[in-house]
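**Student:** Quick one: sequence and predicted model below, then my questions.
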Amino acid sequence: MAEQAAGTAGESDYPGERVGLPQAGPGSLASWGSRIAALIVDWVICTVVAVLLFGTRVVTGQGWTSWMTLSVFFVETTVLCVLAGGSAGQLICRLAVGRVDRTQLGLVRSALRAAMVCVVLPAVVIGTDRRGLHDLAAGTVVVNRR
């Protein structure tokens, strides 16, 4: 009876249960630590790529070159999420981005999600089940890779 009451109140026993994810193991909701580690790895990779493409002014300069790391991040995240199911950092940290309804992510949703991460605020405003506004808007979730 207590289980039924908790279920009707909209509460869940573990993060990710409301969207049908397992409690642990492959396909379960990714932890904050692994998501932050993936973001740091992504940013380092994108900074290196931006410096290789545009020179050291990316790090030290002003003007348009200061936006190149973010631009590379947007393209990398968008393309790799569509093609590989996660950004380079997420793949290295064994995470995946998928839609809640288990269908293909697609370029538009991937670009929307990446753009919202680039804006930062939607990614740090957290809703239910460890999903930021960017995941809620795109209908996505970050899970542990199989």
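**Tutor:** Alright, I've got the coordinates.

**Student:** looking at this, residue 83 is in a strand?
**Tutor:** No - counting by DSSP: H, G, I helix; E, B strand; the rest coil, residue 83 is not part of a strand but helix.

**Student:** distance of it from residue 104?
**Tutor:** Distance, residue 83 to residue 104, using Cβ to Cβ, to the nearest Å: 11 Å. For the C-beta atoms, the positions are set from N, CA and C on the backbone; glycine is no exception.

**Student:** ok, now residue 120?
**Tutor:** In terms of Cβ to Cβ, residue 120 sits 27 Å off from residue 104.

**Student:** residues making contact with the host helix or strand of residue 72?
**Tutor:** Assigned by DSSP states H and E, residue 72 falls within helix 68-84. Helix 68-84 is contacted from outside by 42-43, 45-47, 49-50, 53-54, 58-59, 86-88, 91, 97, 105-107, 110-111, 113-115, 117-118, using Cβ atoms under 8 Å, 6 or more residues apart in numbering.

**Student:** Got a ChimeraX select line for the buried ones in the residues you listed?
**Tutor:** Selecting only the buried entries of the contacts of helix 68-84 in ChimeraX, with 16 or more other Cβ atoms under 10 Å as the criterion:
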select :42,45,46,47,49,50,54,58,86,87,88,91,97,105,110,111,113,114,115,117,118
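
**Student:** Which ones among the contacts of helix 68-84 map onto helices?
**Tutor:** 42-43, 45-47, 49-50, 53-54, 58-59, 88, 91, 107, 110-111, 113-115, 117-118 (DSSP state H).

**Student:** Send me the helix holding residue 72 as PDB with only the CA atoms.
**Tutor:** Below are the C-alpha coordinates for helix 68-84, written out as PDB (Å, rounded to 0.1, in the frame of the first residue of the first chain):
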ATOM      1  CA  MET A  68      36.000  29.200 -31.700                       C
ATOM      2  CA  THR A  69      36.300  26.600 -28.900                       C
ATOM      3  CA  LEU A  70      32.500  27.000 -28.300                       C
ATOM      4  CA  SER A  71      31.800  26.700 -32.000                       C
ATOM      5  CA  VAL A  72      33.900  23.500 -32.300                       C
ATOM      6  CA  PHE A  73      32.100  22.200 -29.200                       C
ATOM      7  CA  PHE A  74      28.700  22.800 -30.800                       C
ATOM      8  CA  VAL A  75      29.700  21.100 -34.000                       C
ATOM      9  CA  GLU A  76      31.400  18.200 -32.300                       C
ATOM     10  CA  THR A  77      28.500  17.600 -29.900                       C
ATOM     11  CA  THR A  78      25.800  17.900 -32.600                       C
ATOM     12  CA  VAL A  79      27.500  15.600 -35.100                       C
ATOM     13  CA  LEU A  80      28.800  12.900 -32.800                       C
ATOM     14  CA  CYS A  81      25.500  12.700 -30.800                       C
ATOM     15  CA  VAL A  82      23.800  11.900 -34.100                       C
ATOM     16  CA  LEU A  83      26.400   9.500 -35.500                       C
ATOM     17  CA  ALA A  84      27.800   7.900 -32.400                       C
END
